[in-house]
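I need the structure of the sequence given here:
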Amino acid sequence: MIIKKYTGKNEEEATEAARGELGPGIVIMNVRQVKKTGFFAFLKPSQTEVTVALEEGDLPGRQSSVIRPEDTDATGKQGTATKKSSFSAYVSDESGTASRTPSGTGEQLARAVSEGRIPPLRVAQTEGEIDSKLDDLQALLHVATVRKNGQKQNDPQASPNGIAREREREETDAMVASESGAVYGSAREASLRMQNASVSKEESAETLADFSRAHQRSDLPEENLSFIKLLYNTLLENDVNERYANELTDEVEKISKPDMPLEYALANVYQKMVLKFGPTEIIEPCADGPKAEIFIGPTGVGKTTTIAKLASRLYVAEHRKVALLTVDTYRIAAAEQLRTYASILEIPFRVIYSIEDMKQAAEDFKDYDFLMVDTAGHSLHNEEQKTNIVNFIKTLQEAMESESFLVLSATTKYRDLIEITDTYKTMVGDYKLIFTKMDETAVTGNLYNIRMHTGASMSYITNGQDVPDDIAVFNAQKIVKVLLGGSTRAE
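Below you'll find the predicted structure:
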């Protein structure tokens with residue numbers, strides 16, 4: 001399948017440009033307004049961008065099966081990378097070969113979007129590689145060592161531009177493993193971000209007072225204590241629970257020595273937090289037989305959309321046999337949305353009304369790789385609904401290997417998350433964690449809090465409504481970097 005973008009003064013002009021190159025068989029997948037940028041942008045009219053799809057066989061005179069970055073875009077510019085949708089009919093595997101998905105997928109997606117049955121789709125974005133250096137984390141070091149080095153804020157070397165020039169002059173490795181496993185960071189890469197970020201005066205006074213009572217080592221230099229205080233404040237500002245923030249700073253204080261480089265302390269807490277998150281556990285197939293992936297969680301956290309994203313990736317990218325089941329008979333819209341995705345992907349879908357239905361589904365899909373099961377969100381105090389879900393899960397567990405994923409919103413308050421996780425623990429036992437709506441919050445401390453509280457493995461995060469793009473495997477390094485003030489948002 002070919003997916004390309006075209007721009008014009010209006011939708012008609014952009015569509016005509018698409019038809020002129022690709023022919024009349026195109027399917028419009030998305031339309032959006034594009035504003036000009038630059039100093040004179042207000043003098044330039046906005047343009048309309050149209051994303052179109054075309055089955056490869058419908059393109060006259062074209063032999064290539066995959067659009068490459070060097071293809072020419074609609075404006076005639078060379079070298080513009082064309083992004084392929086994850087729903088593309090061609091998905092390259094590691095060997096470089098292409099595999100075909102069911103025909104008509106693009107048309108069905110476009111139709112479902114236009115009819116409002118599923119959220120608008122977006123051409124897939126390629127996720128960037130993990131930063132190899134903890135560049136912005138070194139802001140902590142800069143603030144802590146300002147007094148020691150006698151630098152003033154107007155010192156060119158202390159300004160962001162000066163730091164950038166220093167980076168260009170000499171790059172150092174962000175982390176170097178020592179024999180003990182500790183990780184050293186580069187002290188040269190610093191910024192003034194943390195100097196400008198602070199809690200309110202009242203909160204700051206209370207926080208520092210509590211901190212001072214807990215951390216009173218007189219043998220440490222002032223810059224070391226300042227660093228530990230700054231670390232503590234940074235964790236609290238990112239909603240890390242005070243208990244866990246104290247545990248981390250206690251560990252830093254225990255290993256601190258008067259002559260210890262602050263790079264060591266920063267890298268040590270970074271490493272400890274990554275290790276506390278533990279290994280990420282994702283969906284893996286069974287060696288023999290099907291596997292039930294059961295998604296549980298409160299209402300409104302995005303369970304149904306998350307299932308659609310994961311099912312799409314398992315089926316399209318990994319070529320697994322997938323069936324969708326739902327036991328959510330309380331919300332018709334949720335079942336219909338999942339039915340729509342199943343129809344688009346051309347995979348089985350079934351609504352489960354009883355234990356007998358679940359047993360029959362387990363038998364009917366015994367030759368499949370995965371059964372993705374959506375459950376109803378419910379009040380934590382509704383005992384009848386809780387019992388029904390538990391019975392369905394037990395039936396699946398008796399029939400095949402199963403695992404549960406607790407889907408939580410990153411925007412939920414910490415106290416509510418504690419109640420939710422404890423309730424589901426008593427209901428289903430062990431589960432893995434998926435956090436949704438990461439794009440709707442600027443703080444991510446609750447991911448660390450809930451991991452520490454439950455001991456459950458982290459699996460995935462989602463950051464939008466687009467299927468199947470807006471989901472990623474949980475990356476502890478990225479989240480810890482955010483928690484330590486190294487970035488404004490977890491991507």
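
And whichever strand or helix holds Lys478, what does it pack against?
Using DSSP states H and E, Lys478 falls within helix 476-483. With contacts taken as 3 or more CB pairs under 8 Å, 6 or more residues apart in numbering; DSSP states H and E, helix 476-483 sits against helix 262-277, helix 445-454. Yep, even glycine has a C-beta here, placed from its N, CA and C like the rest.

Average pLDDT for that helix, rounded please.
Here helix 476-483 scores 91 as its mean pLDDT.

Can you check what angle separates that helix from helix 445-454?
Per axes from the mean of the first three to the mean of the last three CA atoms, to 10 degrees, the angle that helix 476-483 makes with helix 445-454 is 120 degrees.

Dump helix 476-483 to CSV, keeping only the CA atoms.
Provided in CSV are the C-alpha atoms of helix 476-483 (Å, rounded to 0.1, in the frame of the first residue of the first chain):
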residue,chain,number,x,y,z
ALA,A,476,12.8,3.0,32.1
GLN,A,477,15.7,5.1,31.0
LYS,A,478,13.5,7.7,29.3
ILE,A,479,11.1,7.9,32.3
VAL,A,480,14.0,8.2,34.8
LYS,A,481,15.6,10.9,32.8
VAL,A,482,12.3,12.9,33.0
LEU,A,483,11.9,12.3,36.7
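
Flag every buried residue along that helix.
By neighbour count on 16 or more other CB atoms under 10 Å, the buried set for helix 476-483 is Ala476, Gln477, Lys478, Ile479, Val480, Lys481, Val482, Leu483.

Which one of the helices and strands packed on helix 476-483 has the poorest average confidence?
Among these, helix 262-277 scores lowest, with a mean of 85.

Which elements pack onto that one?
Helix 262-277 packs on helix 139-149, strand 183-184, helix 222-237, helix 242-255, helix 445-454, helix 476-483, going by 3+ CB pairs under 8 Å, 6+ apart.

how does it look with 10 Å?
helix 139-149, strand 176-177, strand 183-184, helix 222-237, helix 242-255, helix 445-454, helix 476-483 (3 or more CB pairs under 10 Å, 6 or more residues apart in numbering; DSSP states H and E).

Would you map the strands across the stretch 351-491 of the chain?
370-374, 401-409, 432-436, 458-462, 471-473 (DSSP state E, counting those that start in this stretch).

Among those strands, which comes closest to Lys386?
Nearest of the strands of the stretch 351-491 of the chain to Lys386, taken as CB to CB: strand 401-409 at 13.7 Å.

Poorly predicted segments of the chain, please.
Scanning the chain for pLDDT under 70 picks out 1, 3, 27, 29-30, 36-44, 53, 55-221, 486-491.

the domain parsing of it - what is it?
Using automatic domain parsing, the domains assigned to the chain come out as 2-114, 136-277, 291-474.

Kindly calculate the angle that the helix holding Lys478 makes with strand 432-436.
50 degrees.

what angle sits between helix 476-483 and helix 242-255?
Going by the same axes, to 10 degrees, helix 476-483 makes 100 degrees with helix 242-255.

Helix 262-277 and helix 476-483, what's the angle between them?
120 degrees.

Which residues are in contact with Tyr368?
Gly289, Pro290, Lys291, Arg320, Lys321, Val322, Ala323, Ile347, Pro348, Met400 (CB atoms under 10 Å, 6 or more residues apart in numbering).

In TSV, list those along with secondary structure.
Output for the contacts of Tyr368, formatted as TSV (DSSP: H, G, I helix; E, B strand; the rest coil):
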residue	secondary structure
Gly289	coil
Pro290	coil
Lys291	strand
Arg320	coil
Lys321	coil
Val322	strand
Ala323	strand
Ile347	coil
Pro348	coil
Met400	coil
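
can you pick the most crowded of those?
With neighbours taken as other CB atoms under 10 Å, the top of those is Val322, carrying 25 neighbours.

Pretty sure Glu237 is one of the things Val443 touches, is it not?
Yes: counting by CB atoms under 10 Å, Glu237 is a contact partner of Val443 at 7.6 Å.

Please compare the two by neighbour count and tell me which comes out ahead.
Neighbour totals were compared for Val443 and Glu237, and Glu237 leads with 20 against 16 (other CB under 10 Å).

Is the more buried one in contact with Val482, as I believe?
No: Glu237 is beyond contact range of Val482, at 11.2 Å (criterion: CB under 10 Å).

Mind listing the shared neighbours of those two?
Val443, Gly445.

Quick one: closest of the helices and strands packed on helix 262-277 to Asn463.
The nearest among these, by CB to CB, is helix 476-483 at 11.6 Å.

contacting residues around Gly8?
Counting by CB under 10 Å, 6+ apart, Gly8 has contacts Ala14, Thr15, Glu16, Ala17, Ala18, Gln47, Thr48, Glu49, Val50, Ala74, Thr75.

can you rerun that using 6 Å?
Neighbour list for Gly8: Ala14, Ala17, Thr48 [criterion: CB atoms under 6 Å, 6 or more residues apart in numbering].

Who does the closest residue to the first one other than its chain neighbours form a beta bridge with?
Setting aside the residues directly before and after it, Ala14 is nearest to Gly8 in space (CB to CB, 6 or more residues apart in numbering), at 3.5 Å. Bridge pairing for Gly8 (DSSP bridges) gives the partners Thr48.

what's the spacing between Gly8 and Ile26?
According to CB to CB, to the nearest Å, Gly8 and Ile26 sit 14 Å apart.

what does Ala376 give?
In terms of CB to CB, Ala376 sits 40 Å off from Ile26.

Can you give me the buried ones in stretch 432-449?
Using 16+ other CB under 10 Å as the test for burial, stretch 432-449 gives 432-439, 441, 443-449.

Which member of these is positioned nearest Val252?
Using CB to CB, the buried residues of stretch 432-449 come closest to Val252 at Tyr448, 15.7 Å.

Find the nearest non-adjacent residue to that closest one, please.
Nearest one to Tyr448, counting by CB to CB, 6+ apart, is Val240 at 5.6 Å.
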